[in-house]
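Visitor: Sequence plus the predicted model coming up.
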Amino acid sequence: MNSLKPSKLALSGLSLPDLIKVLEPTQLPLYKLKQIHAWIYAKFGTSFSQMSDLSLAERQLLDNNYVLSVLNTKDCQISKDGTKKYLFSLNNDDKYIESVLMTFQKREDLSVCVSSQVGCAVGCKFCATSFVNFKRNLTSQEIVDQVMSIQRDNQVRIGNIVYMGQGEPLLNTEEVIKSIYVFANSVGIGKRHITVSTSGIIPGINRLAKENLPITLALSLHACDDDLRNSIMPGVKTYSIKNTFQALTEYLQTTNRRVTIEYVLLAGVNDSSEQAHKLAKLVSKINCHINLIPYNPINELSESISYKRPSIEVQEAFKAIVETSGRKVTSRLERGKDISAACGQLHNKHLNQRVPS
């Protein structure tokens, strides 16, 4: 795939109104513009030459002045379980982002985990993206085109979107909201099949509540007292757990949508019975589902990283205590463990980064 030239604009990832605006200089009739939109979103078109319902002159006009994708595939790793981890470069500044295609044996529909930023400012110490550092927000087009690029590459339709890749979605709230509408209206993915994960950015949670979208909101909690949480998630110390759960309660009251609580289990750090009892007490107060996540080691990135995954026995004991809350508790089914599937791992590997201890 050729890099985007300054004179060429990308079309994939745009809403229909934005696509019509970008293609206005072509003076093509509206029905032709809708045909182009259909080739991008319904037919997984990989080039303008495929658009057989356009004349040869019209296809050449598009090829001379536009490109399809705003992304270039720099790397793709495939797991033995079918998971695909993509490293994309962004055409306008050649920075890198990651996306993951996930398949599940018991599900027909496919899921894609998308990035919302280049790097991340939250700095969670167990996450490989923290070593990338924050560079910039992604545009809605760059978010959506991650899914379209994967659909074009695999010629399959994606059924679920999770904003759990690089970046904090609610530090880029407006572009994330805009991309949700494009996923729903152009890509054809129902809003109920979209999950936005946040580390607990309260203004973003309030903004999502105001939009009242029927999506799933997931909170990355990872500790049940502020001191411990701030030590492993330094970017959220502005927002106390008490205030964050108050924002979740107000979100629930507005949207009537059950939220998900995500909790990464770190051996000897946040997997104690004390933390489990605190978590059970916290979640008993709101309508939620708890997703326990065994730590995915990233120790190759820095000699200073000492986090480990708890034993199966510790994981099961933790889960049993949290289940006393009466809420549904699941352990995340791991995908792509044999490749660089965790957020930021492939990005760091490509940049050959290693942080000194």
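Guide: Done, it's in.
Visitor: Residue 180 in helix, strand or coil?
Guide: helix (DSSP: H, G, I helix; E, B strand; the rest coil).
Visitor: from what I can see it touches residue 215, true?
Guide: Yes. Using CB atoms under 8 Å, residue 180 is in contact with residue 215, at 6.6 Å. Placement of C-beta: from N, CA and C, glycine included.
Visitor: Quick check: residue 74 is in a helix.
Guide: No. Residue 74 sits outside any helix when classified using three-state DSSP, being strand.
Visitor: what sits against residue 187?
Guide: Residue 187 makes contacts with 41, 144, 147, 148, 158, as judged by CB atoms under 8 Å, 6 or more residues apart in numbering.
Visitor: ok, so of these, who is nearest residue 81?
Guide: Closest to residue 81 out of these is residue 158 (17.4 Å), distances taken as CB to CB.
Visitor: Now for the closest one, how many residues are close by?
Guide: Residue 158 sits with 23 neighbouring residues when counted by other CB atoms under 10 Å.
Visitor: Kindly report the same for residue 12.
Guide: Neighbourhood size, residue 12 [other CB under 10 Å]: 23.
Visitor: ok, now which ones touch it?
Guide: In this structure, residue 12 makes contact with 40, 68, 69, 70, 141, 144, 145, 148, 149, judged by CB under 8 Å, 6+ apart.
Visitor: number of nearby residues for the fourth one?
Guide: When neighbours are counted by other CB under 10 Å, residue 70 registers 25.
Visitor: tell me the contacts of the nearest residue to it once chain neighbours are set aside?
Guide: Nearest residue to residue 70 in three dimensions, chain neighbours excluded: residue 10, at 3.9 Å (CB to CB, 6 or more residues apart in numbering). Contact criterion CB under 8 Å, 6+ apart gives 4, 66, 67, 68, 69, 70, 91, 141, 145 as the residues in contact with residue 10.
Visitor: Could you do residue 250 as well?
Guide: Residue 250 is in contact with 206, 209, counting by CB under 8 Å, 6+ apart.
Visitor: List the buried residues of the host helix or strand of it.
Guide: Using DSSP states H and E, residue 250 maps to helix 241-255. When neighbours are counted by 16 or more other CB atoms under 10 Å, the buried residues of helix 241-255 are found to be 241, 244, 245, 247, 248, 251, 252, 255.
Visitor: Now do the closest residue in space to residue 59 that isn't next to it in sequence: how many residues are near it, please.
Guide: Nearest residue to residue 59 in three dimensions, chain neighbours excluded: residue 48, at 4.9 Å (CB to CB, 6+ apart). Counted with other CB under 10 Å, the burial measure for residue 48 works out to 21 neighbours.
Visitor: Surely residue 48 is in contact with residue 65?
Guide: No. Using CB under 8 Å, residue 48 is not in contact with residue 65; the gap is 10.0 Å.
Visitor: Next, show the common contact partners of these two.
Guide: By CB under 8 Å, 6+ apart, no residue touches both residue 48 and residue 65.
Visitor: mind listing the helices for the chain?
Guide: In the chain, helices defined by DSSP state H lie at 16-22, 30-41, 56-65, 140-154, 173-182, 202-211, 226-232, 241-255, 273-283, 312-322, 345-351, listed in chain order.
Visitor: Compare the ones you listed and give me the one nearest residue 132.
Guide: Closest approach to residue 132 among the helices of the chain is made by helix 345-351 (5.5 Å; CB to CB).
Visitor: still on that earlier bit, could you dump the helices of the chain to a markdown table with mean pLDDT and distance to residue 118?
Guide: Supplementary listing: the helices of the chain in a markdown table, determined by pLDDT from 0 to 100; distance: least, CB to CB, whole Å:
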| stretch | mean pLDDT | distance to residue 118 |
| --- | --- | --- |
| helix 16-22 | 98 | 21 |
| helix 30-41 | 98 | 24 |
| helix 56-65 | 97 | 27 |
| helix 140-154 | 97 | 9 |
| helix 173-182 | 98 | 12 |
| helix 202-211 | 98 | 18 |
| helix 226-232 | 96 | 23 |
| helix 241-255 | 97 | 25 |
| helix 273-283 | 97 | 32 |
| helix 312-322 | 97 | 33 |
| helix 345-351 | 49 | 9 |
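Visitor: For residue 191, which of those helices is the nearest?
Guide: For these, distance to residue 191 was read as CB to CB. The smallest value, 6.6 Å, belongs to helix 173-182.
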